[in-house]
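A.B. asks: Just need the structure, nothing else, for what follows:
(chains A and B)
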Amino acid sequence: MKRKLLMPKLGLTMTEGVVAEWSIQPGAAFKTDDTLFVVETDKVANEMPAEADGVLSEIVAAVGQTVAVGEIIGYWDDGAAGEESAAPADAAAVTAPQALAVQASGQQAAGSQAPAAAVAAAPAGRVRSSPMARRIAAMENVDLAVVPGSGPRSAVRAQDVRDYLEARAGAAAAMAAAPAPAASAPALPAAARIGAAVACPAGEGAIDAGIRSKPSLVQAATARRLIAVKQQVPHFYLAVEAEVSKLLALRAEINAQDPVVRLTINHFVVAAVGRALVDLPEANAVWADGDILRFHSADVGVAVNSERGLFVPVLRDAGRLGLNALALAGNRLVERARAGALTAPEMQGGAITVSNAGMFNVKFMTPIINPGQAMILGVGSISKQFRPDAEGRPALTQEMGLVLAGDHRLLDGVSGLRFLSRVTHYLEQPLQLLLGHAGAKGAHDGN
Amino acid sequence: MAEIRYMEAINRALQDGMAADENVIVMGEDVARAGGSFKATRGLLDKFGARRVIDTPIAESTIVSAAVGAAMTGLKPVVEIMFMDFITLAMDAMVNQAAKARFMFGGQFNVPMVLRTPHGGGLNAGPQHSQCLEAWFAHVPGLKVVCPSNPQDAYSLLRAAISDPDPVVFIEHKALYGKRGEVDTAIGAQIGKARIARPGRDVTIVTYGNTVHASLQAAAQLAGENIEVEVIDLRSLQPWDEQAVYESVSRTHRVVVVHEAVKSFGSGAEIAASITENVFYELDAPVMRVGSPFMPVPFATSLEAQYVIKPADIADAVRVTMAGGR
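C.D. replies: Numbers count the residues shown, from 1 in each chain, chains lettered A, B, ... in the order given. Here you go, the predicted model:
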């Protein structure tokens, strides 16, 4: 019997989603809980499991397509005899995976109800709230379901949302202040956020049992994806210190000329990584379901921390862009990321991401590879060091701690080091970043 | 600047309006020799003569019909209907003739008349002399409806109504006639502009006419409970100052609409509905309405005292909306 697959609603505020991936092709069979497709909302991808065994019969919404919640994105066959089921039963069937996904993400506790009951339970998840409370919640990205309401029959009022936001900000500040290990990874706020919860002031001498709360959809999906990538991708790490005195001087000199766009250290790092990808095309590849996928373009992801979570927009052709153009394009992506305006394609592709924690006082930052990529470069802050010069006398140097995490299925220590030393070379001899790239000629031959 | 009574402000506006334009005439029962049942037309006969201040028979339909005809010939009649309750007898002239003449004759005629009439209870005048029927007129395209709450507005708005090229229903409240206030005859008014009678940050009361004063009393009472009420005196119901109300709602996020007319199907329903249509996401609580109970106004003093809207009723509604509704 033919059944519909609908765009699921994965959060109270979701109105549409992007079909990021079809995990199987039409004609292929699947089992219960196999991932059928991936839906992207904001930055997160949600894997949608099958509710039952079946065969994918048709794909309606292609990858990259934006589809409204509840619209048909494909059809599957449950193997039972009969025509397309009647609407009510059908609705129950297609909604079941949505209920599952919602449960999995911790948004709503549908419990162990039967699929049909879960469908009925979905509207009951509606939160009584004033229009203004809803507007503030939407602006601040707050799930009203987690806000305690003080109005009639526990309705959430504007002040309740403000109180909640204040408590959350207090909790975040407390976390940042605490000398916990989590606080030492500021460049991975998404990971840190997973632990964030509303602060609970402990009573005098009492054991603080804390307040348990559900992570937001973004938090839950981030957690799931990071666990997956950390478990499934064999990471290896290479740490070096790059001597960046020349880079700092060059940057200061350029910025002193009052350029159209001020260059940051990160612009130089992204450029160096891009140039290294062009130099070493074998490094510009990812492991894709058992295949090796090589890219032509030297695209580099840039980790951007925002209030809405960690985003990784991809800077196209970073290996060949001039520093000016690279800085302009990079700044635009950062702005779009902070505004939550990034589209799914803007976050796809690239073999490597640059994650810069240099603005925090951290010597080395050991990052987790961005899902789908093969490398990530963790950038630490720059510190002054005395190093012996050729004669053994102390000389003051400025060093930047770099840690390259690589996917060992693709790269080994040698190829990783080759890549990292290429990056270090550009950072230590930054004038080369100002020249046209040597590899550009070959690249434009259409290799 | 003299402090005069509301009734005297009306009288002054009629005098000044008649002096300024010889086309302005006054018509009604007992308006000439007797000076009006509430003395609003006192002295006009002596000043302007019987050709311009006309006592009529007790025949409301004829009075208003004649005024509509006179207005179409170029005069500017100001008609007094002794009690708003009697307007039923002149409904055809107002609703079917005055309101539609400009539209139906393609702009060849307009009806620059004013229909003055007192509404409201609290004076033990019984069910046929106490009603607030302004919503009837606010519902008719072509009519303007004005309802001043103080002597200054009574003067300025009546001058504006007399100057208006189209029919204006000018509603006075019987209980306000004796109310004193400073009147500056140099101050003009625009029909359709509200005023903030009291600024506040927590909740907006939208009201007009006599309930402005009950609302101000309620606001003073609530200030003692640390609730700062903004009172908006609409001054005019058709058109009403939507902008001023929406701006206030955007500051306070809570609204109570108060009027003396019965609550059901009243002006408050229109205002509340418009607020939800236009500034829904500013609201942090349901819009509350305070209006009279859905029944005729009682005659007996003791019953009417229960019927009229008291500051305590308004304060209760404010507290409900502050708590987020029922």
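A.B. asks: what's the pLDDT at the residue lying farthest from the centre of chain A?
C.D. replies: Residue farthest from the centre of chain A, counting by Cα atoms, centre = their mean, is A:Glu391 at 47.3 Å. The model reports A:Glu391 with a pLDDT of 90.
A.B. asks: is it true that A:Asp34 touches A:Glu47?
C.D. replies: No. Counting by Cβ atoms under 8 Å, A:Asp34 stays clear of A:Glu47, with 9.7 Å between them. Where C-beta positions appear, they are placed from N, C-alpha and C, glycine not excepted.
A.B. asks: Report the closest residue of chain A relative to chain B.
C.D. replies: A:Gly151 (3.2 Å; Cβ to the nearest Cβ).
A.B. asks: From what I see, that residue and B:Arg326 are in contact.
C.D. replies: No. Taking contacts as Cβ under 8 Å, A:Gly151 lies outside contact range of B:Arg326: 10.0 Å.
A.B. asks: neighbour-wise, which of the two wins?
C.D. replies: Neighbours per residue (other Cβ atoms under 10 Å in any protein chain shown) separate A:Gly151 from B:Arg326, with A:Gly151 holding more: 20 against 10.
A.B. asks: The residue nearest to that one when sequence neighbours are not counted: how many residues sit nearby?
C.D. replies: Closest residue to A:Gly151 apart from its sequence neighbours, by Cβ to Cβ, 6 or more residues apart in numbering or on different chains: B:Gly324 at 3.2 Å. The local packing of B:Gly324 (other Cβ under 10 Å) involves 25 other residues.
A.B. asks: And the pLDDT at B:Gly324?
C.D. replies: 86.
A.B. asks: what does B:Gly121 give?
C.D. replies: 93.
A.B. asks: next one: A:Ala285
C.D. replies: For A:Ala285, the predicted pLDDT is 94.
A.B. asks: just checking, B:Ile58 touches B:Glu29?
C.D. replies: Yes. Under the criterion of Cβ under 8 Å, B:Ile58 makes contact with B:Glu29 at 5.7 Å.
A.B. asks: Which of the two has more residues huddled nearby?
C.D. replies: B:Glu29 (20 against 11).
A.B. asks: got the contact list for the more buried one?
C.D. replies: B:Ser37, B:Asp55, B:Thr56, B:Pro57, B:Ile58, B:Ile63, B:Glu80, B:Met82 (Cβ atoms under 8 Å, 6 or more residues apart in numbering or on different chains).
A.B. asks: could you redo the last one with a cut-off of 10 Å?
C.D. replies: B:36-37, B:55-60, B:63, B:79-82, B:86 (Cβ atoms under 10 Å, 6 or more residues apart in numbering or on different chains).
A.B. asks: Which member of the residues you listed is positioned nearest chain A?
C.D. replies: Taking these together and measuring to chain A by Cβ to the nearest Cβ, the closest member is B:Ile81, at 42.2 Å.
A.B. asks: Might one say that that closest one is in contact with B:Met91?
C.D. replies: No. B:Ile81 lies out of contact with B:Met91 (Cβ atoms under 10 Å); the separation is 11.2 Å.
A.B. asks: shared neighbours of those two, anything?
C.D. replies: B:Glu60, B:Val64.
A.B. asks: Comparing these two, which residue is more hemmed in?
C.D. replies: Taking other Cβ under 10 Å, B:Ile81 and B:Met91 do not tie; B:Ile81 has more neighbours (21 against 15).
A.B. asks: Quick check, pLDDT for the more buried one.
C.D. replies: 97.
A.B. asks: ok, which residues in the stretch 151-300 of chain A are in contact with chain B?
C.D. replies: Residues of the stretch 151-300 of chain A that fall close to chain B, judged by Cβ under 10 Å from any Cβ of the partner chain: A:Gly151, A:Pro152, A:Arg153, A:Ala155, A:Val156, A:Arg157, A:Ala158, A:Gln159, A:Asp160, A:Val161.
A.B. asks: burial measure for the fifth one, as a count.
C.D. replies: If I follow you right, that is A:Val156. Neighbours of A:Val156 (other Cβ under 10 Å): 26.
A.B. asks: Relative to B:Ala285, how far out is it?
C.D. replies: 12 Å (Cβ to Cβ, to the nearest Å).
A.B. asks: now the second one
C.D. replies: From A:Pro152 over to B:Ala285 the distance is 9 Å, taken as Cβ to Cβ.
A.B. asks: which residues do these two both contact?
C.D. replies: B:Val320, B:Ala323, B:Gly324, B:Gly325, B:Arg326.
A.B. asks: And those, which is closest to B:Asn278?
C.D. replies: Taking Cβ to Cβ as the measure, B:Gly325 is the one of these closest to B:Asn278, at 19.2 Å.
A.B. asks: before we move on, what SS does the closest one have?
C.D. replies: With DSSP: H, G, I helix; E, B strand; the rest coil as the basis, B:Gly325 sits in coil.
A.B. asks: Backbone dihedrals for it, both of them.
C.D. replies: phi 100, psi -170 (degrees, to the nearest 10).
A.B. asks: Rank the residues of the stretch 151-300 of chain A next to chain B by pLDDT and give me only the lowest.
C.D. replies: A:Arg153 (79).
A.B. asks: Show the contacting residues for the residue lying closest to it once chain neighbours are set aside.
C.D. replies: What sits nearest to A:Arg153 in space, not counting adjacent residues and going by Cβ to Cβ, 6+ apart, is A:Arg128, at 6.0 Å. Contact analysis of A:Arg128 by Cβ under 10 Å, 6+ apart lists A:Leu144, A:Gly149, A:Gly151, A:Pro152, A:Arg153, A:Ser154, A:Ala155, A:Val156, A:Arg157, B:Gly324.
A.B. asks: The residue of chain A closest to chain B touches A:Leu144, doesn't it?
C.D. replies: No. Using Cβ under 10 Å as the test, A:Gly151 is too far from A:Leu144 to be in contact (12.0 Å).
A.B. asks: what is in contact with the two at once?
C.D. replies: With Cβ under 10 Å, 6+ apart as the test, A:Gly151 and A:Leu144 both reach A:Arg128, A:Ser129, A:Ala133, A:Asp160.
A.B. asks: Sitting in helices, which of the residues of the stretch 151-300 of chain A next to chain B do you find?
C.D. replies: In helices, judged by DSSP state H, the following of these are found: A:Ala158, A:Gln159, A:Asp160, A:Val161.
A.B. asks: got the contact list for A:Val161?
C.D. replies: A:129-130, A:132-140, A:142, A:144, A:147, A:149, B:284.
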